[in-house]
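[1] Need a 3D model of the following:
(one chain, ligands or ions: 2)
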Amino acid sequence: MPGAPDLRRGGGHRPAPLAALAQRRHPAGARQRAAPAWRLRPRADVSAVPSPVRVALLGCGTVGSAVARRLQDRQERYAELLGRSLELVGVAVRDRSLPREGVDPVLLTTDAEALVRQADVVVEVMGGIEPARSLIETALRGGAQVVTANKQLVAQQGEGLAAVAAEQGVGLDYEGAVMAAVPVLAVLRDSLAGDEVTAVRGVVNGSTNYVLDLVAREGVAFGEAVRQAGELGYLEADPTEDLEGLDAAAKAVILARTAFGAQVGLDEVDRVGITGLTDEDFKRAAQEGTVIKLVASARRAGCGAQVAVRPEALPAHDPLAAVRGGTNIVVIEAVSAGELRLQGAGAGGEETASAVLGDIVRAARRVR
Ligand SMILES: NC(=O)c1ccc[n+]([C@@H]2O[C@H](COP(=O)([O-])OP(=O)(O)OC[C@H]3O[C@@H](n4cnc5c(N)ncnc54)[C@H](O)[C@@H]3O)[C@@H](O)[C@H]2O)c1
Ligand SMILES: N[C@@H](CCO)C(=O)O
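    Ligands and ions are numbered 1, 2, ... in the order given. Next comes the predicted model:
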């Protein structure tokens, strides 16, 4: 939406934090200092305690701050699950003076590159293509496992990054990039690995579903509904990505790639967003007993796929018609399984953190 105001979070200021913990815990080069004698443990103890898995977080916005908070307050749970602790060693931000509720200011750093080099697992939740892509590549080439929720990056550059990951023998996971809390990629990649998926169709963008729902059911003005979606943390940093269907298109490309191995470019998606919808469209849909949804679909076609994102007026009995607010749904068709439906929270910091944290645990299991 050109000229759209920042529809998202506000924020005050706190005093500047101390130096990043990363430097303190994992000193490099000239900064290296010997540990004080009182911190040295007897050799037997050191070998008995597995070293922590060092996690670096790139970005501390809606998703990043939720991930950071959960990494801290679920420490014991993760240690039990993994047999070693997950240690958040630093959080890369643009501005260290901004408050990050529940995140220890000592962890904040503006030097993302240095942070990446000190981690076993790098979690990219800053969004955008650069510097996210370069930082991920640096992490992979340095032997770190990478987790990202960045659907634009995965849709546009995912294959190249996956090749680097394979070359380095490390993982690149991005469950949070598609349908937030709904584990659709795991189902397509793992659970249906022995089947043949033929089509995937769904509502895969939470913010536009929230907007369409509010406009149609509660008569809320379009602009006001968009503002509320922003307040809930559903919108991308650039809301046009949601409203023009680019976010859904990126997710559809990732779905097609995961479901059928289809190489579909973002520019090959037949895409229409929701900004062209008029009051007349909503009125007609109500009169006809239909519901307008932004539908993403991918259908296997030979070695490739036909991928589309467009608003459709759906009959009330269509499973996609019933999803409310920020909820997402996907209907998967597979030769042996038949039709499967997955539904749940499709946007939001805490909800997306669920998927990102799942990927972090998976990644941590690979760290030797
Ligand atoms: N919000 C959601 O519901 C949701 C759901 C699934 C996936 N995602 C994806 O997760 C990613 C993050 O989304 P978000 O909603 O948290 O965005 P956000 O804008 O709230 O947070 C991103 C943060 O990263 C910071 N950042 C950007 N560039 C940086 C840089 N170079 N160095 C340091 N910090 C930098 C920004 O200042 C911001 O604080 C995006 O790729 C988004 O598409 C978001
Ligand atoms: N902006 C995205 C966030 C979740 O990917 C949406 O509205 O679905």
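[2] how about the strands in the stretch 51-200 of the chain?
    53-58, 86-92, 108-109, 121-124, 145-148, 172-173, 197-203 (DSSP state E, counting those that start in this stretch).
[3] what about the closest residue to ligand 2 within the chain, distance to Thr327?
    Ranked by CB to the nearest ligand atom, the top residue of the chain for proximity to ligand 2 is Ser207, at 3.2 Å. The C-beta positions use only the backbone N, C-alpha and C, and glycine is treated the same way. Per CB to CB, to the nearest Å, Ser207 is found 12 Å from Thr327.
[4] May I see the domains of this structure written out as residue ranges?
    21-180+351-366, 184-347 (automatic domain parsing).
[5] now the end-to-end length of the last one.
    Across domain 184-347, the straight-line distance between its terminal residues is 14 Å, by CA to CA, to the nearest Å.
[6] quick check, distance from that domain to the centre of its chain.
    Computed by CA atoms, centre = their mean, to the nearest Å, the chain-centroid distance of domain 184-347 equals 16 Å.
[7] Ok, the longest one next?
    Mean-position distance between domain 21-180+351-366 and its chain equals 14 Å (CA atoms, centre = their mean).
[8] Apart from its neighbours in sequence, what residue is nearest Ala177?
    Distances taken as CB to CB, 6 or more residues apart in numbering place Lys151 nearest to Ala177, at 4.0 Å, with adjacent residues excluded.
[9] mind listing what that neighbour touches?
    Applying CB atoms under 8 Å, 6 or more residues apart in numbering to Lys151 gives the contacts 174, 177-178, 247, 250-251, 254.
[10] how about a cut-off of 10 Å?
    For Lys151, the contact set (CB atoms under 10 Å, 6 or more residues apart in numbering) comprises 127, 158, 174, 176-179, 204, 236, 241, 246-254.
[11] What pLDDT does the model give it?
    Per-residue pLDDT puts Lys151 at 98.
[12] can you tell me how far it sits from Arg299?
    Look at Lys151 and Arg299: by CB to CB, they are 20 Å apart.
[13] neighbours around the nearest residue in space to Ala355 that is not next to it in sequence, how many?
    Nearest non-adjacent residue to Ala355, counting by CB to CB, 6+ apart: Gly176, 3.8 Å away. By other CB atoms under 10 Å, 28 other residues sit near Gly176.
[14] Touching, Gly176 and Ala353? I think so.
    Yes - with contact defined as CB atoms under 10 Å, Gly176 reaches Ala353; the gap is 7.8 Å.
[15] okay, and the common contacts of the two?
    Common contacts of Gly176 and Ala353 (CB under 10 Å, 6+ apart): 63, 67, 125, 149.
[16] ok, Val53 - contacts?
    78-79, 82, 84-87, 89, 119-121, 145, 360-361, 363-367.
[17] which one is the closest residue to ligand 1 within the chain nearest to, not counting chain neighbours?
    Among all residues of the chain, Gly61 sits closest to ligand 1, at 1.8 Å; criterion: CB to the nearest ligand atom. Take Gly61 and drop its neighbours on the chain: the residue closest to it by CB to CB, 6+ apart is Val125, 7.1 Å away.
[18] you'd agree the one you found is up against Ala353?
    Yes - with contact defined as CB under 10 Å, Val125 reaches Ala353; the gap is 8.9 Å.
[19] any idea how far Glu224 is from Ser207?
    13 Å.
[20] can you check Arg189 too?
    26 Å.
[21] got the residues of this structure near ligand 1?
    59-64, 92-94, 112, 125-127, 131, 149-151, 176-177, 180, 233-234, 236-237, 347-349, 352 (CB under 6 Å from any ligand atom).
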